[in-house]
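1. next input, structure requested:
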Amino acid sequence: MSTMNKQWHLVSRPTGEPTPSNFKLVEATVPELQDGQVLVRNHYLSLDPYMRGRMNDSKSYVAPQPLNAVMEGGTVGEVVASKNEHFKVGDKVVGRGGWQLYTLIDGAPRGVLQKVDASQVPLSAYLGAVGMPGVTAWIGLNTIIEPKAGETIVVSAASGAVGSVVGQLAKAKGCTVVGLAGGPEKCKVVVEEFGFDACIDYKQHPDLKSLSAALKEACPKGIDGYFENVGGITLDAVLMRANAFSRIAMCGMISGYNGQPIPLQFPQLILTNRMKVQGFIVSEHMQFWPQALKELGAGVATGNLKYRETVAPNIEAAPEAFIGLLKGRNFGKQLVKLI
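-> Next up is the predicted model:
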């Protein structure tokens, strides 16, 4: 009996904000397995801000998302059929299965599909705190910001999948950590659950003067390190409060993902403060992944590393959940439950 698959395809490129009309839900029969292939029933789909950039047909660090093809993205699931000696039915795996219920994949290339242990770490966490977002936090903090005990570290999008991990790792290194998040509920969790020393509700500070004043109050010794996820006036405000020889890890600029310009008002402060500002892409630092995943997995397994998830209920909800993610409606890691 053939297995029916549901897939979301990107059928048009957004102009500005994405809309549901940019996507199409397609049903297709899963092909028969060939030698070396593995069939995975995906349990969770990861939705991430970087996907918005890939929807554009423009030069970037990775090729654009093809039109009329399955939207690409990270997944975790279970092997339900295998003609590959390295994978057996029942194995829990993480990979890039895309926006679909089933993924038929050649299991031979190294790293394309990884077996994971779901007995100590929940399967969904391999898409968040113990997955690409967690590793992104680990690499940006440890290889670019290089925090020292007693320093002040600021994290934008502090309630998100990446930012929440950055802050907890920095606190473990003896730093004072200040987050920025949208709304009092998120800020409360950032402090009380994730352990930040303070959290600024950026929605209460819509202009540069107000946000800069809030950062000055929260960071009386200035800012030594900044993990950037947002851009815009947040970056300007941080530059105004930055110490000499401070470091910025440029991870994301979500304020400009829909094509808006992101002007920088005081770039001269980078020179004045002799700052290091470095962008990075997590997939270009594979040498750090094993160490990062080991530490992050241990943190989640012991309960020392906290995380939040926002879970859309089914595959049909994926586009709306993705659009909501770009508007900051999620809390922590945005997932889609597929089973």
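2. relative to residue 209, how far out is residue 216?
-> Distance of residue 216 to residue 209, given as Cβ to Cβ, to the nearest Å: 11 Å. C-beta here means a position set from N, CA and C on the backbone, and glycine is covered the same way.
3. please disregard the earlier target; I meant residue 302.
-> From residue 302 to residue 209 the distance is 43 Å (Cβ to Cβ).
4. thinking again about what came up before, more neighbours: residue 216 and residue 209, which one.
-> Between residue 216 and residue 209, counted using other Cβ atoms under 10 Å, residue 216 has the larger neighbour count: 14 against 11.
5. got the phi and psi for the more buried one?
-> For residue 216, the backbone dihedrals (degrees, to the nearest 10) come out as phi -60, psi -40.
6. skipping its backbone neighbours, what lies nearest it in space?
-> Nearest residue to residue 216, sequence neighbours excluded (Cβ to Cβ, 6 or more residues apart in numbering): residue 241, at 5.9 Å.
7. same check, this time on residue 314
-> Per Cβ to Cβ, 6+ apart, closest to residue 314 is residue 337, 6.6 Å.
8. would you tell me what the next helix or strand after whatever helix or strand residue 290 lives in is?
-> Element membership of residue 290 [criterion: DSSP states H and E] is helix 289-302. Next along the chain after helix 289-302, taking DSSP H and E as the criterion, comes strand 309-312.
9. what mean pLDDT does that following strand have?
-> In this model, strand 309-312 has a mean pLDDT of 98.
10. got it, and stretch 98-105?
-> The average pLDDT within stretch 98-105 is 97.
11. all strands of the stretch 51-200 of the chain, in order?
-> 69-70, 75-82, 92-95, 102-106, 113-115, 152-155, 176-181, 198-201 (DSSP state E, counting those that start in this stretch).
12. hmm, back to that, next, the buried residues of the helix holding residue 290.
-> Within helix 289-302, the residues scored as buried using 16 or more other Cβ atoms under 10 Å are 289, 292, 293, 295, 296, 297, 299, 300, 301.
13. with stretch 139-151 instead?
-> Buried residues in stretch 139-151, defined by neighbour count with 16+ other Cβ under 10 Å: 139, 140, 141, 142, 144, 145, 147, 151.
14. ok, the first one - contacts?
-> Spelled out, it's residue 139. Counting by Cβ atoms under 8 Å, 6 or more residues apart in numbering, residue 139 makes contact with 280, 282, 285, 288, 292.
15. drop anything exposed from these.
-> Judged by 16+ other Cβ under 10 Å, buried ones among the contacts of residue 139: 282, 285, 292.
16. okay, now the unreliable bits of the stretch 51-200 of the chain?
-> Low-confidence segments of the stretch 51-200 of the chain, defined by pLDDT under 70, are absent.
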